[in-house]
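> Let me see the structure of the following:
(2 chains)
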There are 2 protein chains.
Amino acid sequence: MTDRNDTALGCLSGTRVLDLTQFEAGPSCTEVLGLLGAEVVKVENPKGGDPGRVAFRNHPELESPYFLLFNANKKSITVNLKSPRGLELVKDLARHADVFIENFAPGAIERLGLGYEVVQALNPGIVYAQVKGFGLGSPNEGNLAFDMIAQASGGVMSITGEPGQPPVKPGATLGDTGTGMLMAISILASLLRRKETGRGERLDVGMQDAMLHYVRVAFAVTAGTGRAAERAGAKVMSIGNAPGGLYPCAPGGPNDYVYLYTSRANPAHWQRVLQVIGREDLLGDPRFDTMAARVENEPEVDALIAQWTRQRDKHEAMRVLGAAGIPVGAVLDTAELQSDPDFERRGIMQVIQHPSNGAFKMPGWPVRHNGAALRVSPAPLLGQHTGEVLGEWLALDAEQVAALQAEGAI
Amino acid sequence: MTDRNDTALGCLSGTRVLDLTQFEAGPSCTEVLGLLGAEVVKVENPKGGDPGRVAFRNHPELESPYFLLFNANKKSITVNLKSPRGLELVKDLARHADVFIENFAPGAIERLGLGYEVVQALNPGIVYAQVKGFGLGSPNEGNLAFDMIAQASGGVMSITGEPGQPPVKPGATLGDTGTGMLMAISILASLLRRKETGRGERLDVGMQDAMLHYVRVAFAVTAGTGRAAERAGAKVMSIGNAPGGLYPCAPGGPNDYVYLYTSRANPAHWQRVLQVIGREDLLGDPRFDTMAARVENEPEVDALIAQWTRQRDKHEAMRVLGAAGIPVGAVLDTAELQSDPDFERRGIMQVIQHPSNGAFKMPGWPVRHNGAALRVSPAPLLGQHTGEVLGEWLALDAEQVAALQAEGAI
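Residues are numbered from 1 along each chain as shown, chains lettered A, B, ... in the order given. This is a model prediction of the structure:
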């Protein structure tokens, strides 16, 4: 269980990714490719690099945890894209790459002289990928966007929050990582096609468009009702379902809840709930015996369960209800998940040793390959691999690299 | 822009997926493989098939919109897995498949006699993929789970909602589709490796584990503070940032808001905001001139902007602010997204013709390949392709198929 796959033997071994992304939507995509064994070379400007290196950080002398989380399993080289020699270097690297990816502001990559036509002419086999806030050709294609802008304009916020209250931004960064994952899928599919044809593809995704993919249950509701899907708090929006939702646990802290759900497809769930909470006397009671009846009497149903959950902490409630065959999950916060040894034991969380930050525990890749977690390696220091990559990809020697540095190209 | 790639020429053309999944986490994964050109054969029980076919539906005589949304670009065959002959058929199909995937309840696939060892022995080159609620080897590995259980126990709900209020379930089905996307990535990577080695892989993912991947910004917060990341309503949890958040628009309906965000990395955003809202008089005002000052005076900052947004509808507010180079997005609901012709024009939404439901508009795949959207084809009727697939994969003729049907195997 604790064995880990070495990325040197990874699925994408031999695949070279030229990575001009920053912040999260792009980096989350290339990080996965790196975890799966690709050689991901992150191209950063010599003056500070990816702005994610300093985003949200508490310790000015260390790299931001944000950067460490989204840039594992990559190499970093510095290149001054504004210098003609630096630009030429990136073009040379593109000739040797399998994937080129960027998520600059709209139009920026073309202004740099690295638009699709240029790069494709250098390397017809390259997979050229772009992540933007809004899709190419959309009325907003020139607009700037961040994660929350995509979540607002892509339907996600409209269905998140309490009924009758303003929308809420989901804490998960669906606009960024959610989009990055979809691009990773298309890149891998293009690489498979390329094995047959030798030809690359041009890929582009808008973060707003990507959000539609994640709210399809809400589109199912709209297809059924003809109206916008509404916010339902912790309940399931699509249909009345009782019991289903969050139930308060001892000692009453902000995350002391369990989520309990009983499926329409399995009437036994409700019977199991009554047994666990010691209310077998209600088995067969017509007020609760069908899903329709329970939906009608939802406040009473919820009160019955809450009376039981309030007397237990969420871990015990989850343990007891889960063992009885009832779908249930304690609300776990990031501190609890971070300190639970089980995730580390299974390789879902891993401790890396970062050159400046030291030991750092972070989630790896949740899908296990042949029973083992993919090995996480620490995010690179700025320019840590400049010499190595220019040597291996372009056969430049130390003297040539020093000269490039002296002229400000790298 | 309106051209669409035909999946017959898709990236995964020639790849065969034997799909034993139901509901959403598994089907969302195989649907993407189908959109990208794989031949996805959905194996369903003859008595009703995937329970998703009837989930959340308003019209008992039609297929559920939920099913249509997650099962496009697939074929359906019926097989009675409880009959020895039916089980044998699935084993025969597995011999001819590249990918085998299932998301039954824990232990069910092994009880059916289709566990990893069995299938791998039949076809050593197969990629065998399993999606479960909790990771194999976790203390909860035997437990049942649905989307919301994963979102509760994987950290997502703890960071979604208003400060001081109970957690909220994000409307996006991150537990299901979010997990399905990660599995799709690992499957595609395994297929790439297989091109080199001829060997398959065993893949497994727990939905709870998958959630950690989407809340990494919250882990960055916890890494910095040592405490659980907290709920922040519509604001960004990680750091004070003003202005940033939802601003109310006319006429004041439940989704009449714009999300506006000004980046720390670009001080010009604030100056542009002042120009747009006609408050150039505040340029250089020390109460607002730095991010730190604006965070300190956030209620005043928000009031300034709201005064302007309340006088406009969200579309106008987005248009004007966006054109000025400010990151902004109107909160759009599913009815608005469904009826906006732009998404259909770009192929992000497509209208399919379903044999029983008729015309049905649904999101396709948001990543465009070579400037075109992948073509969506309608979800199959139950058993629609049984004869075709048994003929093409196993060379059974019509008579043999009829005999299988007569004996209740299909």
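> pLDDT below threshold where in the stretch 51-200 of chain A?
For the stretch 51-200 of chain A, no stretch has pLDDT under 70.
> mind listing the helices in it by residue range?
All helices of the stretch 51-200 of chain A, identified by DSSP state H, counting those that start in this stretch, fall at A:65-70, A:84-95, A:108-112, A:116-122, A:147-153, A:179-197.
> Tell me if the third one is near chain B.
In other words, helix A:108-112. No - Helix A:108-112 lies out of reach of chain B by CB under 8 Å from any CB of the partner chain, never closer than 12.9 Å. Every residue, glycine included, has its C-beta placed from N, CA and C.
> Return the set of buried residues in that helix.
Within helix A:108-112, the residues that qualify as buried are A:109, A:112, counting by 16 or more other CB atoms under 10 Å in any protein chain shown.
> if we can go back for a sec, just name the most buried of the helices of the stretch 51-200 of chain A.
Highest mean neighbour count of the helices of the stretch 51-200 of chain A: helix A:147-153, a mean of 30 (counted as mean count of other CB atoms under 10 Å in any protein chain shown).
> Convert it to CSV, retaining C-alpha atoms only.
Only the C-alpha atoms of helix A:147-153 are listed here, as CSV (Å, rounded to 0.1, in the frame of the first residue of the first chain):
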residue,chain,number,x,y,z
ASP,A,147,-11.5,31.1,-11.1
MET,A,148,-14.4,33.0,-9.5
ILE,A,149,-15.3,34.8,-12.7
ALA,A,150,-15.7,31.4,-14.4
GLN,A,151,-17.7,30.0,-11.5
ALA,A,152,-20.0,33.1,-11.6
SER,A,153,-20.6,33.1,-15.3
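> contacting residues for the closest residue to residue A:29 other than its chain neighbours?
Spatial nearest neighbour of residue A:29, excluding adjacent residues (CB to CB, 6 or more residues apart in numbering or on different chains): residue A:180 at 3.7 Å. Going by CB atoms under 8 Å, 6 or more residues apart in numbering or on different chains, residue A:180 touches A:24-29, A:32, A:131.
> Now secondary structure, neighbour count and distance to residue B:369 too, for those residues, in a markdown table please.
Below are those laid out as a markdown table (DSSP: H, G, I helix; E, B strand; the rest coil; neighbours: other CB atoms under 10 Å in any protein chain shown; distance: CB to CB, whole Å):
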| residue | secondary structure | neighbour count | distance to residue B:369 |
| --- | --- | --- | --- |
| A:24 | coil | 28 | 23 |
| A:25 | helix | 29 | 18 |
| A:26 | helix | 27 | 18 |
| A:27 | helix | 30 | 22 |
| A:28 | helix | 26 | 20 |
| A:29 | helix | 33 | 16 |
| A:32 | helix | 30 | 19 |
| A:131 | strand | 26 | 14 |
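> hang on, the earlier thing: can you add distance to residue A:321 and give the helices of the stretch 51-200 of chain A back as TSV?
Formatted as TSV, the helices of the stretch 51-200 of chain A follow (distance: least, CB to CB, whole Å):
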stretch	distance to residue A:321
helix A:65-70	32
helix A:84-95	55
helix A:108-112	52
helix A:116-122	53
helix A:147-153	32
helix A:179-197	31
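> Looking at the contacts of residue A:180, which one is closest to chain B?
Using CB to the nearest CB, residue A:32 comes nearest to chain B of the contacts of residue A:180, at 6.0 Å.
> Hmm, residue A:365 and the closest one touching each other?
Yes - taking CB atoms under 8 Å as the definition, residue A:32 is a contact partner of residue A:365 at 6.8 Å.
> so, in contact with chain B or not, stretch A:318-331?
Yes - Stretch A:318-331 reaches chain B (CB under 8 Å from any CB) through A:318, A:322-323, A:325-331.
> Now go through these and say which are in strands.
A:328-330 (DSSP state E).
> Return the member of the residues you listed nearest to chain B.
For these, the nearest to chain B is residue A:329 (3.5 Å; CB to the nearest CB).
> Just grab the bridge partners of the closest one for me.
residue A:259 (DSSP bridges).
> for it, what are its contacts?
Counting by CB under 8 Å, 6+ apart, residue A:329 has contacts A:258-259, A:318, B:145, B:148-153, B:208.
> If we only consider those, which is nearest to residue A:343?
residue B:208 (9.3 Å; CB to CB).
> you'd agree the closest one is up against residue B:134?
Yes - look at residue B:208 against residue B:134 with CB under 8 Å: they come within range, at 5.2 Å.
> More neighbours: which of the two?
Between residue B:208 and residue B:134, counted using other CB atoms under 10 Å in any protein chain shown, residue B:208 has the larger neighbour count: 31 against 24.
> any idea how far residue B:215 is from the more buried one?
Separation of residue B:208 from residue B:215 (CB to CB, to the nearest Å): 12 Å.
> For the residue at minimal distance from the centre of chain A, give me its contacts.
Centroid check for chain A by CA atoms, centre = their mean gives residue A:177 as the closest residue, at 3.3 Å. Contact partners of residue A:177, counting by CB under 8 Å, 6+ apart, are A:24-25, A:28, B:213-214, B:216.
> Likewise for residue A:139?
If you count contacts by CB under 8 Å, 6+ apart, residue A:139 has them with residue B:342.
> Could you do the one 5 residues further on as well?
Counting by CB under 8 Å, 6+ apart, residue A:144 makes contact with A:105-106, A:133, B:322, B:325-327.
> likewise residue A:21?
A:27, A:29-30, A:42, A:101-103, A:131.
> which two from these end up farthest apart in space?
The most widely separated members of the contacts of residue A:21, counting by CB to CB, are A:42 and A:131 (14.8 Å).
> For the residue of chain A positioned farthest from its centre, give its distance to chain B.
The outermost residue of chain A, judged against the average C-alpha position, is residue A:281 (45.9 Å), by CA atoms, centre = their mean. Applying CB to the nearest CB, to the nearest Å, the value for residue A:281 to chain B is 25 Å.
> cool, and residue A:301?
Distance from residue A:301 to chain B, by CB to the nearest CB: 17 Å.
> Name the helix or strand for that residue, please.
Per DSSP states H and E: residue A:301 is located in helix A:298-309.
> Point out the other helices and strands that that helix packs with.
In terms of contacts (3 or more CB pairs under 8 Å, 6 or more residues apart in numbering or on different chains; DSSP states H and E), helix A:298-309 is packed against strand A:244-248.
> which residues are contacting the strand it packs on?
By CB under 8 Å, 6+ apart, strand A:244-248 touches A:233-236, A:256-262, A:302, A:305-306, A:309-310, A:317, A:331, B:148, B:152, B:157, B:166-167.
> Walk me through which strands it pairs with, and which way each runs.
strand A:257-261 (antiparallel).
> Report the distance from the partner strand to the chain centre.
Chain-centre distance of strand A:257-261: 24 Å, with CA atoms, centre = their mean, to the nearest Å.
> right, and the helix or strand after it?
Next element after strand A:257-261 (DSSP H and E): helix A:268-276.
> Name the residues of that following helix that come out as buried.
Quick answer for helix A:268-276 (16+ other CB under 10 Å): A:269-271, A:273-274, A:276.
> from the residues you listed, which single one is nearest residue B:401?
residue A:269 (37.5 Å).
> Contact partners for that closest one?
By CB under 8 Å, 6+ apart, the residues touching residue A:269 are A:261-263, A:325-327.
> what's the lowest-pLDDT member of those residues?
Lowest pLDDT of these: residue A:263, 86.
> how many other residues sit next to that residue?
Other residues close to residue A:263 by other CB under 10 Å number 19.
> Repeat that for residue A:264.
A count of neighbours around residue A:264, defined by other CB under 10 Å, yields 16.
> Quick check: the gap between it and residue A:297.
Using CB to CB, we find residue A:264 at a distance of 16 Å from residue A:297.
> what's the answer for residue A:42, then?
From residue A:42 to residue A:297 the distance is 57 Å (CB to CB).
> Comparing these two, which shows the higher neighbour count?
Higher neighbour count among residue A:42 and residue A:297: residue A:42, with 30 against 16, using other CB under 10 Å.
> Does the more buried one touch residue A:72 like I think?
No - the criterion here is CB under 8 Å, and residue A:42 misses it with residue A:72 at 11.1 Å.
> quick one: the strands in chain A?
Taking DSSP E to define them, one finds strands in chain A at A:4-5, A:16-20, A:39-44, A:75-78, A:99-102, A:127-132, A:202-206, A:244-248, A:257-261, A:328-330, A:349-354, A:358-363, A:368-369, A:373-374.
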